[in-house]
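1. Just a sequence and a predicted model for now, questions to come.
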Amino acid sequence: MEVIIPDTNMAAIMPQIILTIGACVVLLLSVFAHSTRKYLGYLSALTCIAALANTFMIWDINQTVFAGMITINAYSNAFNMIILISATLITLVTHDAVDDHKVGEFFSIVLISTLGMMIMASSQNLLVIFLGLEILSIGLYVLIGMNRARIHSLEAALKYFLLGAFASGFFLYGISLTYGTTGSFDLVKISRYLQANNMLGDPLMLSALAMLLIGFGFKVALVPFHMWSPDVYQGAPAPITGFIATAPKAAAFAAFARVFVEAFAPLHIDWSTILYWICIITMITGNLLALIQTDIKRMLAFSSIAHAGYIIMAILAGPKLADSNPGLSANSIVFYVMVYSLMNLTAFSIIYIFESREGRNLKVENFAGFGAKYPMLSVGMTIAMLSLAGIPLTGGFIAKLQIFSAAIDAGYVGLTIVAVITALISVYYYLNVLVKMYFSEPEEPLEDVEVSKATSLALMLSSAGIIVLGVLPSLMMKLM
Amino acid sequence: METVMSYFMLNPAFYIFAGLAVILAIFMITMPNPVYSAIFLVLTFFCISVIYITLEAEFIAAIQVLVYTGAIMVLFLFVIMLLNLGRDADLVEHSGPMKYISIIVAFAILIQIGLAAKVTVNIGEKGMFPIEKIREIGNTEAIAGLLFSDYLYPFEIASILLLLGMIGAIIISKKRSE
C-alpha cells in the first residue's frame, strides 16, 4: 500500500506548537527549578503573547494543511486571536493566585486547554473538532476542581464533568451519524455532498443535526442545555469562571458556526426551525432569570446565557446571507465574541479581586459603596456593565447592532424584536450593579484592596479594548 | 441499501451479538452493585468486538478486547475493589418521577433513531476504504497507513490529550503537603 504524506506545513500550526512547548516548559520548570515558580504566570502570559504574535504573522495565509484537518484563514485566526487574548489576560490576572505547589500544573493546563480551543476553532474536520473539544473540556474540569479545599469548586467540577461527558457523548453520536450519512468527517466534503444530494428531511441526517445541536448547545449554554452554567460559574474560582465564560465559548461558537453555517447550510430549513425557538427561549430565560439573581456570578452566568442567544441569531442568519452579504454573519459573530470576551474578563477579574479579599462569593448588594472606595476598579466594572448592557460608545453596543442588522437582513424581524426587548430588560440588572456601587452606602467600612501590577495592566487593557471597539469598530473589521 | 441488508442477512452473528450487547448494557446500568455493573460492561465490550469481527475489522476487534476489556475494565474493577465499598455500596437511586420520564424520553429517541435507520435510503458516500480494498491491503496496514498520513494531526493531538489527562489526574489526587 502506498502512503502519501500530506502537506505538513508547520508554519501554519506554529501558534499551536508554541503553546505546546510553553506548556511543557512551564511544567518542567515547576518541577526542576523551584525558584522560577513565582514567574510561571508571566511565562505563560508570554507564551500566549508569542502565539498571538505568530497568529498575526500567518493571518493571511489561507491554507488547509494536514490532509484537510486544519484550516488557517482570517476566520479561524480571528477566533484564535480572541482565545489567545483571553488566555493572556487570565494568566496575567491569576499569576499570583495559585498555591505554590500547584502553580506549574495550573498554568500548563491553562495553556493546553487554550491549545484545545485553538484546535477547535481552526479545524474543519469533525474528528479534530471533537478532539479539541475534549482537550479544552478536560482542562477546564481540572481547573475548576483543582482547589479541593473549596467544596463548591468540587461540586462545580463534578457537575460540569458529568454533564460535559454526557454532552460529549451526544456530540460524538451526532458526528458518527453525520459520517454514516455523508461518508466524511471533512466539513468541506460534507457540504459538497449535501449540495449534490437533496438530504432535506432525511431522518438520519435530522438525528445527526439534533445530536450535534445538543452537543454545541451544551458547550455554549443554550436553554434548555444551560443547567450546568450558573452552578459552575458560581462554584469555580472567579478567574477560572472568567476563563470558562469567554475562551471556550469563542472556540465553541467558531466550530458551531463552521459546522452549521458552512457545512450544513443546504439543510438550513431543517435546523433553523429548532434553533429559532432555542434562540428565543435562550434570550428570554437568560435575561429574566438574571433579573432575580442575588449572587453576582450567577447573574453573569445567566447574562452569558442570554448573550449566547444573541450570537445564535447570527448563526441563524448565516446561510440566508450567503449570497447577498457573505461576510456579515461571520464578522458579526467574531466581533460579538471578541467584545463579549473582553467585557466578561473585565467583570470577572474585578469580582475575583474583591472575592479573594472577602474570601466568599459576592452578592450584588455587597458592591455598595465601592464607587467611592475603589474608583479605578469601579470604572472598570462600570465599563464592563455598560458594555454588557449594550450602551452606545462601548463595544457591546456595536456588537449587538451588527448582530441585529444581520438578523434583519436575513428576514428574522420577529426574532430581532424579541432580542431588542430582552436587551432592554437586561439593562436593569446591569445598571443595578452600578447603582449599588455608586449610590449605596456600605454596611461596614470597606478595607483596602491590593491589586498587583499585572492584574491592573490586564484590566486596563481589557477595559480599554471595550471602549476602543465601541468607538472605532473599524479597527476590528479591517482584520476580517 | 439492498447490498447492506443482504450483507447483514448473511451475518446472523451480527444480529445475535448486537442484541446481546444491548441486553447486557441494560443489565449494566440496572445492577445495583458496581462490581456486577463493571462485569456486565466487560461482556458488552466483548459483544461489540464480535460485531467488529463480523464487519471484518479484526484489528479494531483485537484492540477493543485488549484495551477496553483488558486494560481499562480491569483497572475499573481494581479501583472499585480498592475503594472497599463493602456491601452498603449498592447504588440505589431515589430520583422519583424524573426517572420514568427519562426512560420514556430515552425510548422515544431510540425509536426515532431506529426508524431513521430503517427508512433512510441513502447510505452516503463510500469512504476511501470499502471492504474490498481492505481485503486486498489488510486491516492493520490500512489503519497504520492512515494514522501516519491523513490522520497524523489528530494522532499527535491525541497524545496531548493523554498528557493533559495525566497531569489532571495527578493534580486532582495530589496530597496537600509537599
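-> Structure's in. What do you need? These numbers were taken from a predicted model, which means no experiment stands behind them. Numbering: from 1, shown residues only, chains lettered A, B, ... in the order given.

2. residues contacting the spatially most central residue of chain B?
-> Centroid-nearest residue in chain B, with Cα atoms, centre = their mean: residue B:45, separated by 6.3 Å. Residue B:45 is in contact with B:64, B:65, B:68, B:69, B:73, counting by Cβ atoms under 8 Å, 6 or more residues apart in numbering or on different chains. For the C-beta atoms, the positions are set from N, CA and C on the backbone; glycine is no exception.

3. list the contacts for the last one?
-> The neighbours of residue B:73, taking Cβ under 8 Å, 6+ apart as the test, are B:38, B:41, B:42, B:45.

4. Apart from its neighbours in sequence, what residue is nearest the second one?
-> Meaning residue B:41. residue B:28 (4.9 Å; Cβ to Cβ, 6 or more residues apart in numbering or on different chains).

5. quick one: which helix or strand includes the residue nearest to the centre of chain B?
-> Of the helices and strands defined by DSSP states H and E, residue B:45 is found in helix B:34-54.

6. and that helix, how far from the chain's centre?
-> Offset of helix B:34-54 from its chain centre (Cα atoms, centre = their mean, to the nearest Å): 8 Å.

7. which residues sit against whichever helix or strand comes after it?
-> Downstream of helix B:34-54, the first helix or strand assigned by DSSP H and E is helix B:58-63. Helix B:58-63 is contacted by residues B:49, B:50, B:52, B:53, B:139, B:140, B:143 when judged by Cβ under 8 Å, 6+ apart.

8. I'd guessed the second one sits against residue B:17; true?
-> Yes - here residue B:50 reaches residue B:17: they are 4.3 Å apart, a contact under Cβ atoms under 8 Å.

9. Next to chain B, which bits of the stretch 101-250 of chain A? Give me the list.
-> A:101-102, A:105-106, A:108-109, A:112-113, A:115-116, A:119, A:125, A:127-128, A:131-132, A:134-135, A:138-139, A:141-142, A:145-146, A:148-149, A:179-184, A:193, A:197, A:199, A:202-204, A:206-207 (Cβ under 8 Å from any Cβ of the partner chain).

10. Of these, grab the buried ones for PyMOL.
-> Listed next is the PyMOL selection for buried residues among those, using 16 or more other Cβ atoms under 10 Å in any protein chain shown:
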select buried, chain A and resi 101+102+105+106+108+109+112+113+115+116+119+125+127+128+131+132+134+135+138+139+141+142+145+146+179+180+181+182+183+184+193+199+202+203+204+206+207
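
11. mind listing the helices for the stretch 51-200 of chain A?
-> A:74-93, A:103-122, A:126-145, A:151-182, A:187-196 (DSSP state H, counting those that start in this stretch).

12. so what does whichever helix or strand comes after the last one touch, helix or strand wise?
-> When you say that, I think you mean helix A:187-196. As assigned by DSSP H and E, the chain's next helix or strand after helix A:187-196 is helix A:203-219. Under the contact definition 3 or more Cβ pairs under 8 Å, 6 or more residues apart in numbering or on different chains; DSSP states H and E, helix A:203-219 sits against helix A:151-182, helix A:238-257, helix A:268-291, helix B:97-119.

13. which one of these is the most hemmed in?
-> Ranked by mean neighbour count under mean count of other Cβ atoms under 10 Å in any protein chain shown, the helices and strands packed on helix A:203-219 are led by helix A:238-257, which reaches a mean of 28.

14. could you give the angle of that helix to helix A:151-182?
-> In terms of direction (axes from the mean of the first three to the mean of the last three Cα atoms, to 10 degrees), helix A:238-257 departs from helix A:151-182 by 10 degrees.

15. Now whatever helix or strand residue A:399 lives in: buried residues?
-> Using DSSP H and E, residue A:399 falls within helix A:395-409. By 16+ other Cβ under 10 Å, the buried positions in helix A:395-409 come out as A:395, A:396, A:397, A:398, A:399, A:400, A:402, A:403, A:404, A:406, A:407.

16. taking the contacts of residue B:45 one by one, which sit in helices?
-> The members of the contacts of residue B:45 that map onto helices under DSSP state H are residue B:73.

17. Export the contacts of residue B:45 as CSV, with columns for distance to residue A:153 and pLDDT.
-> Listed next are the contacts of residue B:45 as CSV, based on distance: Cβ to Cβ, whole Å; pLDDT from 0 to 100:
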residue, distance to residue A:153, pLDDT
B:64, 36, 90
B:65, 38, 91
B:68, 32, 87
B:69, 35, 85
B:73, 30, 84
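
18. Can you tell me which of the contacts of residue B:45 has the most neighbours?
-> Most neighbours among the contacts of residue B:45, by other Cβ atoms under 10 Å in any protein chain shown: residue B:64, with 20 neighbours.

19. Tell me who's in contact with the nearest residue to that one once chain neighbours are set aside.
-> The spatial neighbour of residue B:64 that comes closest, neighbours along the chain excluded (Cβ to Cβ, 6+ apart), is residue B:49 at 4.1 Å. Listed by Cβ under 8 Å, 6+ apart, the contact set of residue B:49 reads B:60, B:61, B:62, B:64, B:65, B:69.

20. Would you confirm that the last one contacts residue B:46?
-> Yes - Residue B:69 sits in contact with residue B:46 when judged by Cβ under 8 Å, with a separation of 6.2 Å.

21. Just give me the closest of the contacts of residue B:49 to chain A.
-> residue B:60 (14.1 Å; Cβ to the nearest Cβ).

22. Any stretches of the chain with poor pLDDT?
-> Unless you meant another one, I'm taking chain A. A:1 (pLDDT under 70).

23. Oops, wrong one, chain B.
-> In chain B, residues with pLDDT under 70: B:1-10, B:84-95, B:119-127, B:175-178.

24. Residue of the stretch 301-450 of chain A closest to chain B, please.
-> For the stretch 301-450 of chain A, Cβ to the nearest Cβ, closest residue to chain B: residue A:359, 18.2 Å.

25. Give the burial count for that residue, as a bare number.
-> 6.

26. now do residue B:13
-> Considering only other Cβ under 10 Å, residue B:13 is surrounded by 12 other residues.

27. same deal with residue A:358?
-> Count around residue A:358 with other Cβ under 10 Å applied: 12.

28. Wait, it touches residue A:366, no?
-> Yes - Residue A:358 lies in contact with residue A:366 (Cβ under 8 Å); the separation is 7.4 Å.

29. Show me what the helix holding residue A:399 is packed against.
-> helix A:296-317, helix A:326-358, helix A:375-389, helix A:413-439, helix A:453-471.

30. Show me how far it is from its chain's centre.
-> The answer for helix A:395-409 is 18 Å, by Cα atoms, centre = their mean.

31. Show residues contacting it.
-> Under Cβ under 8 Å, 6+ apart, the answer for helix A:395-409 is A:310-311, A:313-314, A:316-317, A:320-321, A:324-325, A:328-329, A:331-333, A:335-336, A:338-340, A:342-343, A:386-391, A:415-416, A:419-420, A:423, A:465-470, A:473.

32. what's the angle from it to helix A:453-471?
-> 40 degrees.

33. Restricting to C-alpha, output helix A:395-409 in CSV.
-> Extracted in CSV, the C-alpha atoms of helix A:395-409 (Å, rounded to 0.1, in the frame of the first residue of the first chain):
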residue,chain,number,x,y,z
GLY,A,395,-18.2,47.6,22.2
GLY,A,396,-21.3,45.9,23.4
PHE,A,397,-23.5,48.4,21.5
ILE,A,398,-21.8,47.9,18.2
ALA,A,399,-21.7,44.2,18.7
LYS,A,400,-25.5,44.0,19.3
LEU,A,401,-26.1,46.4,16.4
GLN,A,402,-24.2,44.2,14.0
ILE,A,403,-26.0,41.0,15.1
PHE,A,404,-29.4,42.7,14.9
SER,A,405,-28.7,44.1,11.4
ALA,A,406,-27.5,40.7,10.2
ALA,A,407,-30.7,39.1,11.6
ILE,A,408,-32.9,41.8,9.9
ASP,A,409,-31.1,41.4,6.6
